[in-house]
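In: what's the 3D shape of this:
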Amino acid sequence: MSAHCCEDKSEELAQLRRTQGRVVKVVLAINAAMFLIEFTAGVLGRSTALLADSLDMLGDTAVYAFSLFVLERSARWKAGAAVTKGVIMAAFGLGVTAQVLVKTLSGTVPAAETMGAIGALALGANLTCLVLLLRYRNADLNMRSTWLCSRNDVIANVGVLVAAAAVALTGSKWPDIVVGGIIAALFLSSAWGVLREALTALRNTRGSDRPGETAHQGSHV
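Out: Model (predicted):
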């Protein structure tokens, strides 16, 4: 009976990982496509907020690739991948901050119509990703950090739409700059939370490398 029970649980775990893998592949493809669309629109529309969000999409594509790579690996691998994700998020946060500073010194007003249209498209894409990942957000540290990336994307997309409306109403570059700065702050805050939790999990799993283990469950990021 005990052996049969263990076999059942092992099969359930394998099925869960297969399902998680399919979901991560879908959200990876969505984010890769949206990076290309948003980055192009950000350059053509001269929008800091769109460029910031496109870089977020690129970072998330890398994050999801890491998530897929460690999906069936040990808790220590997953914690190490989460550290990498945190570093990527922090790097993009600093990159967006630099872009905000450059835009502050220039007098270019972004194209509000482009910001609104692409921002709405990105919001739809990221809401889809968020819904797909929702049931796995507390599965382990790997999936938790993946879900956090999608949550941040949705918040950033809403910010882009608000900035687009404000730019259209005021004819000013400042709403775009302010939202770009908020997105950068969100990147940096989330990166700090993920790094803090991942480093703790990495210390707790030191000396252990068994594939069936899970890293620290849940998060308060």
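In: What are the buried residues along stretch 179-194?
Out: Of all the residues in stretch 179-194, those buried under the rule 16 or more other Cβ atoms under 10 Å are 179-184, 186-188, 190-191, 193-194. C-beta coordinates here come from the backbone N, C-alpha and C atoms, glycine included.
In: okay, which residue is most central for this structure?
Out: C149 (2.3 Å; Cα atoms, centre = their mean).
In: could the buried residues of stretch 179-194 go into a markdown table alongside secondary structure, pLDDT and distance to A164?
Out: Shown next, in a markdown table, are the buried residues of stretch 179-194 (DSSP: H, G, I helix; E, B strand; the rest coil; pLDDT from 0 to 100; distance: Cβ to Cβ, whole Å):
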| residue | secondary structure | pLDDT | distance to A164 |
| --- | --- | --- | --- |
| V179 | helix | 84 | 9 |
| G180 | helix | 81 | 12 |
| G181 | helix | 84 | 16 |
| I182 | helix | 83 | 14 |
| I183 | helix | 78 | 14 |
| A184 | helix | 81 | 18 |
| L186 | helix | 76 | 18 |
| F187 | helix | 75 | 20 |
| L188 | helix | 83 | 23 |
| S190 | helix | 74 | 23 |
| A191 | helix | 78 | 26 |
| G193 | helix | 75 | 28 |
| V194 | helix | 72 | 29 |
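In: Output these in a markdown table, with distance to F69 appended to each entry.
Out: Listed next are these as a markdown table, based on distance: Cβ to Cβ, whole Å:
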| residue | distance to F69 |
| --- | --- |
| V179 | 32 |
| G180 | 31 |
| G181 | 32 |
| I182 | 31 |
| I183 | 26 |
| A184 | 27 |
| L186 | 25 |
| F187 | 22 |
| L188 | 25 |
| S190 | 21 |
| A191 | 19 |
| G193 | 22 |
| V194 | 17 |
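In: how close does A120 sit to R18?
Out: 33 Å (Cβ to Cβ, to the nearest Å).
In: go on, E197?
Out: For E197, the distance to R18 - Cβ to Cβ - is 26 Å.
In: Could you list the low-pLDDT ranges of this protein?
Out: Low-confidence segments of the chain (pLDDT under 70): 1-17, 70-76, 78, 81, 107, 139-142, 205-221.
In: redo that, cut-off 50
Out: By pLDDT under 50, the low-scoring segments of the chain are 1-13, 209-221.
In: which residues in it form strands?
Out: Assigned strands in the chain: none (criterion: DSSP state E).
In: Helices of that one, residue ranges please.
Out: Listed in chain order, the helices of the chain (DSSP state H) span 2-45, 48-69, 75-105, 112-134, 141-170, 174-204.
In: ok now do the closest residue in space to G181 that isn't next to it in sequence, which residues does it touch?
Out: Excluding its sequence neighbours, the residue lying closest to G181 (Cβ to Cβ, 6 or more residues apart in numbering) is V100, at 4.9 Å. By Cβ atoms under 8 Å, 6 or more residues apart in numbering, the contact list for V100 reads T48, A52, I177, G180, G181, A184.
In: do K25 as well
Out: L68.
In: Tell me if I'm right that the residue nearest to the centre of the chain and D60 touch.
Out: Yes - with contacts counted by Cβ atoms under 8 Å, C149 reaches D60, the gap being 4.7 Å.
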